[in-house]
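Novice: coordinates for the following, if possible.
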Amino acid sequence: MTPQSVLKEYFGYDRFRDGQEALIAQILAGGDVLGIMPTGAGKSICYQVPAMLMTGITIVVSPLISLMQDQVAALRDAGIPAACLHSNLEQNAYFDTLDAVRNGEIRLLYAAPERLLTDAFLSLTDSVAVAMVAVDEAHCLSQWGQDFRPGYLEIASFLEQLPRRPVVAAFTATATQAVRDDIRRLLKLREPLELVTGFDRKNLRWIVERPTKKYEALLRILKRNKNKSGIVYCISRRVTEEICSKLCADGFRAVRYHAGLSAEERTANQEAFLRDEVQIITATNAFGMGIDKSNVSFVVHYNMPKSMEAYYQEAGRAGRDGMPAECTLLYSPQDIRTNMFLIENSEQENDRLTPAERAAVKQKDIERLQAMIRYCSLTDCLRHFILRYFGEQAPTHCGNCGSCLAETEIVDATVPAQKILSCVYRVAQRGRHCGSRMLCDILQGRDTKQLREAGYQTLSTYGLLGDLSRVHLEHMVSILISRGYLLTDANQYATLSLTAKANAVLRGQEQVQMALPLRDLKQTKREQQLANMPDYGVDEELFQKLRRVREKLAAREFVPAYIVFSDATLRDMCSKRPRNEEEMLAISGVGKYKMDKYGEAFLMALAEYEGEAGSPRGQFPPGAGGAD
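Specialist: Now for the predicted structure:
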């Protein structure tokens, strides 16, 4: 077989996505690889396809039991012999898996990094040929990564104890240059092919909102994503519980997920979400790594994450099927204080780090938090910021993010900018600092108890921008933060301070142009703008009919619906209307094994619909399909 025939027969795709073919060719030639590919770009294909062509077993190092189970279930449903070894397996199942590996019945074996150096696992790898070790979520290796996991450091020791060094393939969705350097060094990769496929997920719409009432903002997001599947990420277990309870009380089908729940409830809630039995899951960052649910249409961050890496990975769980999806972050200054508290009180799990190294890790965490604050303060293109953060060139206007879609007017804001910066300076002269909200209160001349107690009503800048709308003033402060004139200190109160860059503006040596929202833009019109997503023109009635067929088959097989077929595959069926096995095999995502297993049920449903509606066969919209 060839890589192309494996891709078609087992996965149902006619072509590889960007980067996949080159990485697979390097692996089959016996070379190491490092693939940096965004969520949904098809990292798993890069080691699953060659695993079917190599002599020996492929060991996949994976960080979470749920992730292993999902991937193994999907592989088995496609006809690929795969298994996983983890602590939740019953003893009989564990030993049956070991026997199956020794008998050559398994091609891909998934395991957590902590299991690699156990006597049982080393005995197993002494008795079978290991062709490849694939390291998923490889950023967990690096102390500079957002999910550093000390167990990953054992992978190199495991490789050294194998009778013969196999091909080593490392993959991650997010990695700065420092993290990539760590991955190469710690895994001792040998002249690896390093490939970065690009971080631009064009089907994702990035939005940042700064609402005064977050829950009301969340309800607006859910209204414009009615009946769609989504994730609401929260910063703590308490907030996760609170938001889930409110959503359920308001009539939404929602469940919760965080590390404080029992393993049974976490598993049950995750399964309910994956099977589309509930619409929404509210979760901490404990949920989602590697979750391959293709029809997540929106991801909401109810609180600001502590890094762009974490945000990009979590938000990227939307739109894996290539369809338009929304990623919204609801920001408030309180999020800064909470994240700083988490950084200050985080415990390093690894005693290998010296005090100096721990201090360096903490400083890096603070720097990542500062980048996240700048992102949340942007009024310029959000996509541009994300791509530049990860080292890619990008246009300054994408036309499909919250900033680019906003109706604005360009104004000369030099004078109000000077007044804002001067106010920060005057507060600092008194040996004090204030946050964004207090700064705006001073400049607007508000009479509040907190302001009076601090004596800020006597400042020369008190009331200087009283004639400016609060919305415009807050936007101006955000712009000054995002452009580096003001620094939001990552302390308990998220206070502001001047940077050296502010001097030129204060001295009148630099003009400041700003794009401010139009005064007459109503909330209803803003919601219409954000709800206006591209339309792929698929027959919705037929699509829902096929989804019902998929739901019944998934229930019969006890697997999540997306494992049967993704939404993208169902949309391809809606457009091409296959009438026989040959035409069904031409559908993106339908391989020979799944055709034999599920094809007849969908062909019957399509034939029924054609007979009922007399619907003409259509064409599939461009840009969909390709290897997951």
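Novice: ramachandran angles for the residue nearest to residue 454 when sequence neighbours are not counted?
Specialist: In space, and not counting its chain neighbours, residue 454 is closest to residue 432: 6.9 Å by CB to CB, 6 or more residues apart in numbering. Placement of C-beta: from N, CA and C, glycine included. The phi and psi values for residue 432, taken as degrees, to the nearest 10, are phi -130, psi 170.
Novice: so what pLDDT did residue 432 get?
Specialist: On pLDDT, residue 432 comes in at 91.
Novice: residue 176 now?
Specialist: pLDDT, residue 176: 77.
Novice: packing partners of the helix or strand where residue 22 lies?
Specialist: Using DSSP states H and E, residue 22 sits in helix 20-28. When contacts are defined as 3 or more CB pairs under 8 Å, 6 or more residues apart in numbering; DSSP states H and E, helix 20-28 sits against helix 3-6, strand 33-36, helix 43-51, strand 167-172, strand 193-196.
Novice: what comes into contact with the longest helix seen in the chain?
Specialist: Using DSSP state H, we find that the single longest helix of the chain is helix 355-376. Residues from elsewhere that reach helix 355-376 (CB atoms under 8 Å, 6 or more residues apart in numbering): 143-144, 146, 148, 208, 210, 304-309, 311, 329, 331, 335-336, 339-340, 343, 346, 348, 353, 382, 385-386, 389, 481-482, 484, 487-488, 490.
Novice: any idea how far it is from the chain center?
Specialist: 20 Å (CA atoms, centre = their mean, to the nearest Å).
Novice: just stretch 195-202 next, same as before
Specialist: That offset, for stretch 195-202, works out to 13 Å (CA atoms, centre = their mean).
Novice: for stretch 3-12, same thing?
Specialist: 27 Å.
Novice: got the end-to-end distance for that stretch?
Specialist: This stretch, stretch 3-12, spans 12 Å end to end (CA to CA, to the nearest Å).
Novice: show me what it is in contact with.
Specialist: With CB under 8 Å, 6+ apart, stretch 3-12 has contacts from 1, 13-16, 21, 24-25, 28, 45, 49-50, 52-53, 78-80, 569, 585, 587-594, 627-628.
Novice: write the PyMOL selection for whichever of those are buried.
Specialist: For the buried members of those, the matching PyMOL selection, counting by 16 or more other CB atoms under 10 Å, is:
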select buried, resi 13+16+21+24+28+45+49+50+52+53+78+80+569+585+587+588+589+590+591+592+593+594+627+628
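Novice: how far away is residue 130 from residue 466?
Specialist: Distance from residue 130 to residue 466, counting by CB to CB, to the nearest Å: 71 Å.
Novice: who's more crowded, the two?
Specialist: Neighbours around residue 130 and residue 466, counted as other CB atoms under 10 Å, are more numerous at residue 130. The numbers are 22 against 11.
Novice: which residues does that one bridge with?
Specialist: Beta-bridge partners for residue 130, by DSSP bridges, are residue 57.
Novice: show me the contacts for it.
Specialist: Residue 130 neighbours (CB under 8 Å, 6+ apart): 56, 57, 58, 59, 162, 164, 166.
Novice: try 10 Å this time
Specialist: The contact partners of residue 130, by CB atoms under 10 Å, 6 or more residues apart in numbering, come to 54, 56-59, 109, 124, 158-159, 162-167.
Novice: check which element follows the helix or strand where residue 452 lies along the chain.
Specialist: Counting by DSSP H and E, the element that carries residue 452 is helix 449-454. Downstream of helix 449-454, the next assigned helix or strand under DSSP H and E is helix 470-482.
Novice: from the contacts of stretch 3-12, which ones fall inside helices?
Specialist: Going by DSSP H, the helices hold 21, 24, 25, 28, 45, 49, 50, 569, 592, 593, 594 from the contacts of stretch 3-12.
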